[in-house]
Every structure is written in C-alpha cells, then in structure tokens.
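Trainee: Here's a sequence, model it:
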Amino acid sequence: MDLERLKARAAEVADAETKVLLDRTSGSKALHERAIKSLPGGVASNFQVGDPYPVYLERGKGSSVWDVDGTEYTDFHGGFGVNVVGHAHPKIVEAIRKVADRGIHFAVTTEATVALAEEVCSRFQLEQMRFVNSGTEATMDAIRVARAATGRDKIIKMEGSYHGHHDSVLFSVVPEADVLDMRASMGTDGKAWYTTEPTSKGIPKALWETVIVVQFNDAAAVEQALSENDGQVAAVILEPVMMNIGLVVPAPGYLQALRDACEKHGAVLIYDEVKCGGTIAYGGTTERFGVRPHLAAYAKAIGGGATIGAFGGEARYMEWVGKGAAQQGTFNGNPLSVAAGLAALTQVLTKDAYDYLGKLGTQLAEGCTKAMNDGDIPGHTMDLGAKGCVSYRPEPLTNYRDFLETEPGFFYASYAWMINRGIFMTPGDEEQWTISVQHTEADVQKYIDAFGEFCQELAG
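Mentor: Numbering: from 1, shown residues only. Model (predicted):
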C-alpha cells in the first residue's frame, strides 16, 4: 500500500466528485443563498453546515429521501441517528394523526406521557425518569441532578466526546475544535487526567476547572482522577459506546470498573445514550454490555422522529428533581412527541426489529470491509445494531487519540462519491451510518456496490 499515492488520489477524486455534486444541486445552491440572509451559515444547526453549501432535503419516505432538486437517495444519514424507524412509517404517521386534531400541546401531563415513561423505564431498566426535548437537555439535567445529589461541582468526561452544547460539557469536543483549530491539539497533554480550555467560545472561565478530561477506555485514569480530586467529583459522564469519532466500543470490564470507581468515591455514573440508547440493542447499553449506570440520558431514536429527550435512573438520584434541582420545560412530554415515541418503542422498534437491524448492519459492515481489503485501503468497519461506520485507520479505535490517526481525506472523497451515486450520508468523518427498519438488503447492497467502486477508484 502506497499511502501517499492513495491520499493524492483521494484528493483528486474529492475535487472531481465535488464539482459533479455542485453542478447537479442548483436548487440547494439557490436555497442556501436565500437561507444565509436569515440563518447563520444558511442552516438551523452548526452540524448542518456544508462547504460551500449543504444538500437541502424536501421529503422522505421509507428508506429514501429527496433533495430540493428532486434527486432521490437511499438514506444512511438517518437524521443523525434519529430515524431508525425510517421516514413516514405508517404506524408513526397514524399515531401523530390521531393526536393532531385532539390537541398537540397542553403543558399538562397526559395518560400517554405516563405510558411512554413506563415504557422507557421498562426498556432501559430505569426506576424513574423525566422527559426533556433534546439530548443536550437530557445530559444537562442528568449532570445537574448528580451535582444536587452529591453537593459537588466537578465532572469527569472523556477526551474528544460530545454531550450536547450546554456549558458544562463543551470541553475537549470534536465538533467546534475544527473551527477553533484545536482538533490536533486536544489529547496531547500526556497526563492521566487534565483540565483544559473549552472548545467553544462563550463558556465562563469559572467552569474551566470544573471539567476533568480523561481518555476513553482508561478506567485507571478515572480512578486516579477521582482519588486526586477526592470528594469533589459529582459525576463521570460518557457515551458508553463513543459515537462522535466513528464508533468505539468499551473494552471488556471498562464499564463495570467505572461503576465500581463511582460507587467507591461517591460519584454518579452517567451514560449518555442519546445516540446508542435506541440503536445498538432493544434495551440499549445495559442490555448489550450488562452494566447499569446510576443515571442515563436518551433522545434521538426514542422519539420515532419527533423531538424528544429523557433522562432517568435510580430513584435515590431522581428524587432530587423534587428537592430543589430545577427540571422543567414547557414542551416536556407533549402529546405530539409522546404519540410518536410510544408508537416507535411499542410497535416499530421491537426485539425482532433489532434482530433485523443487526442482520443488515453486519451485511453492510462485511461488504465495506471486503471492498477496502480488495482495494488495499487502510480502514476498518464497526457495526452495532442500527449503527456502524467506516474509519480510515487499519486498527479499531480505542479512544480519541486513535481517531487523530485516521485519514479524513479518504472520507471526504467518499462523501461526494457516495452522494453522487444516490447514497445520502452524514457529512463528517466523525459520524456513522444509521439503518432503519424500512431499509432492505437491496438498499444495503446499493451502498456496498457504490463503496466498492469508490475503493477501486482510489486503488486505481
């Protein structure tokens, strides 16, 4: 394998395919020119920014989406992991229609809200929970409850991980690190644990020393950080499967070691299952890996495409929302989102559905692995249920520092190549594919075929 030749070829492919992409998306270009007048970057979220503009979508049905130019794609973006039910699933549509003419907002708890809470608690092995409206709110409230219960200020998070955009967790995070030219400088301290400047502007300096950073999959570093900050750490928060640098699974024994360390030092173990909770297994991380946290945060897939989030766990911690830890929201548990979520969790995302998603995920991962091997492309695949990815590093990742060894140029060449061949993908090398229950083996084979052609194009 001649890595430098492959990198040069990837740059050539990226340039050629990007030109094709821009030539055929005049509708997106026009909408972007309109959007930038009212929306910074022409988008509703920084994650949606494109260079020079994103592809704007118009509608979705089943496993397909259509852009504003009328081009159909097979959707492996999945709304950043939300659309495990696919688009316009009949059972979700029916559930929303039933509540649409009965009132979609009261700011009062309904029977359906209670039913969904019961389903979430049962499915994810929680004693109690509360609804919110996003993953950011879910992790924010979980951390607040942990601080209230322990009377402590500090938290421990994993290097490079993302837990939403509230102030307490915007330290050592990939998304804004690129903008601030900090991506390569994170993770170079050399210590078992450290504090650092935030990877977002606008974070009060009073918070800078409250966030301790350690490497993912290093339980000894967490134990050391807890010991050396004895009595000061409220919580350890992590994605139990790290999903903002590709897909990184916990090492054997890692999650149990974190649970044990938190129990020993009086800290709260918080799982951020916003991405993995509704995707990797019917019962999320606890089912897949067998270790329960004290608290956990959910969003994305649990809403069946509607806006929703949740957090919960042991009652001894959740009781603090009634003892002075602020937790409220006008739209929390609203009828529209609850109807979609209840239909998703009880009628669509069944145990059989996860067996099906696992089958498709394995098919896709194995197909991509073969394509890279045939083209001698340095990379690997990972898949867990509905989620999976290609990472351009030969060995699987164990932490953020491994992610820095990947070749982003290969991804950006593949992005334009794949989208030009009808595969709608997430726009960043830190993301993953999402498969829905409405995808078919033919959809997966379409992805494999296009990716195989890409690998051969790189190999020359």
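Trainee: and Pro198, what are its phi and psi?
Mentor: phi -70, psi 160 (degrees, to the nearest 10).
Trainee: Number of residues surrounding it?
Mentor: 22 (other C-beta atoms under 10 Å). For the C-beta atoms, the positions are set from N, CA and C on the backbone; glycine is no exception.
Trainee: Report the contact partners of Gly304.
Mentor: By C-beta atoms under 8 Å, 6 or more residues apart in numbering, the residues touching Gly304 are 85, 89, 92, 95, 340-341, 343-345, 348.
Trainee: out of those, which are inside helices?
Mentor: In helices, defined here by DSSP state H, the members of the contacts of Gly304 are 92, 95, 340-341, 343.
Trainee: most surrounded residue in the residues you listed?
Mentor: Counting neighbours by other C-beta under 10 Å, the one among the ones in helices among the contacts of Gly304 with the most is Gly341, which has 31 neighbours.
Trainee: is it true that it touches Ile308?
Mentor: Yes: Gly341 is within contact range of Ile308, at 5.4 Å (criterion: C-beta atoms under 8 Å).
Trainee: residues shared between the contacts of these two?
Mentor: Ile302.
Trainee: and the longest helix for this protein?
Mentor: Under DSSP H, the chain gives helix 351-375 as its longest helix.
Trainee: What is the distance between the next helix or strand after it and the centre of its chain?
Mentor: Next helix or strand after helix 351-375 toward the C-terminus (DSSP states H and E): strand 380-384. Between the centre of strand 380-384 and the centre of its chain there are 15 Å (C-alpha atoms, centre = their mean, to the nearest Å).
Trainee: list the contacts for the nearest residue to Gly86 once chain neighbours are set aside?
Mentor: Closest residue in space to Gly86, ignoring its immediate chain neighbours: Gln438 at 3.1 Å, by C-beta to C-beta, 6 or more residues apart in numbering. Going by C-beta under 8 Å, 6+ apart, Gln438 touches 62-63, 85-87, 89.
Trainee: Let me have these in TSV, adding neighbour count and distance to Gly231 as columns.
Mentor: Below are the contacts of Gln438 laid out as TSV (neighbours: other C-beta atoms under 10 Å; distance: C-beta to C-beta, whole Å):
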residue	neighbour count	distance to Gly231
Gly62	17	54
Ser63	24	52
Val85	26	45
Gly86	23	48
His87	22	50
His89	24	49
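Trainee: Do you have the strands of the stretch 251-400 of the chain handy? List them.
Mentor: With DSSP state E, counting those that start in this stretch, the ranges of strands along the stretch 251-400 of the chain come out as 268-272, 295-298, 309-313, 380-384, 387-391.
Trainee: Nearest to Gly70 among these would be which one?
Mentor: With C-beta to C-beta, the closest approach to Gly70 among the strands of the stretch 251-400 of the chain belongs to strand 387-391: 28.6 Å.
Trainee: List the neighbouring strands of the closest one plus their orientation.
Mentor: If you go by DSSP bridges, strand 387-391 pairs up with strand 380-384 (antiparallel), strand 433-434 (antiparallel).
Trainee: Go ahead and name everything in contact with that strand.
Mentor: Contacts of strand 387-391 (C-beta under 8 Å, 6+ apart): 81, 243, 246-247, 275-276, 279-280, 361, 364-365, 368, 372, 379-383, 397, 403, 406, 411, 414, 431-435, 451.
Trainee: For Tyr194, grab phi and psi.
Mentor: Dihedral pair for Tyr194: phi -160, psi 170, per degrees, to the nearest 10.
Trainee: Quick one: residues contacting it.
Mentor: Going by C-beta under 8 Å, 6+ apart, Tyr194 touches 212-213.
Trainee: So what pairs up with it in the strands?
Mentor: Val213.
Trainee: where's it relative to Lys154, distance?
Mentor: Separation of Tyr194 from Lys154 (C-beta to C-beta, to the nearest Å): 13 Å.
Trainee: any residues in contact with both of the two?
Mentor: Ile212.
Trainee: still on that earlier bit, the strands of the stretch 251-400 of the chain into TSV, with extra columns for mean pLDDT?
Mentor: Output for the strands of the stretch 251-400 of the chain, formatted as TSV (pLDDT from 0 to 100):
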stretch	mean pLDDT
strand 268-272	99
strand 295-298	98
strand 309-313	98
strand 380-384	96
strand 387-391	97
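Trainee: Can you redo the ones you listed as CSV, where the extra columns are mean neighbour count and distance to Ser161?
Mentor: Below are those laid out as CSV (neighbours: other C-beta atoms under 10 Å; distance: least, C-beta to C-beta, whole Å):
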stretch, mean neighbour count, distance to Ser161
strand 268-272, 30, 8
strand 295-298, 29, 13
strand 309-313, 29, 17
strand 380-384, 21, 16
strand 387-391, 25, 16
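Trainee: Can you check which of these gets nearest to Ala148?
Mentor: strand 268-272 (10.1 Å).
Trainee: Could you export the closest one as PDB, CA atoms only?
Mentor: The C-alpha coordinates for strand 268-272 follow below in PDB (Å, rounded to 0.1, in the frame of the first residue of the first chain):
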ATOM      1  CA  VAL A 268     -22.700   9.300  39.900                       C
ATOM      2  CA  LEU A 269     -22.100   7.300  36.700                       C
ATOM      3  CA  ILE A 270     -24.000   8.800  33.800                       C
ATOM      4  CA  TYR A 271     -24.400   7.100  30.500                       C
ATOM      5  CA  ASP A 272     -25.100   9.500  27.600                       C
END
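Trainee: Who are the packing partners of it?
Mentor: Applying 3 or more C-beta pairs under 8 Å, 6 or more residues apart in numbering; DSSP states H and E, one finds that strand 268-272 contacts helix 135-150, strand 233-238, helix 254-265, strand 295-298.
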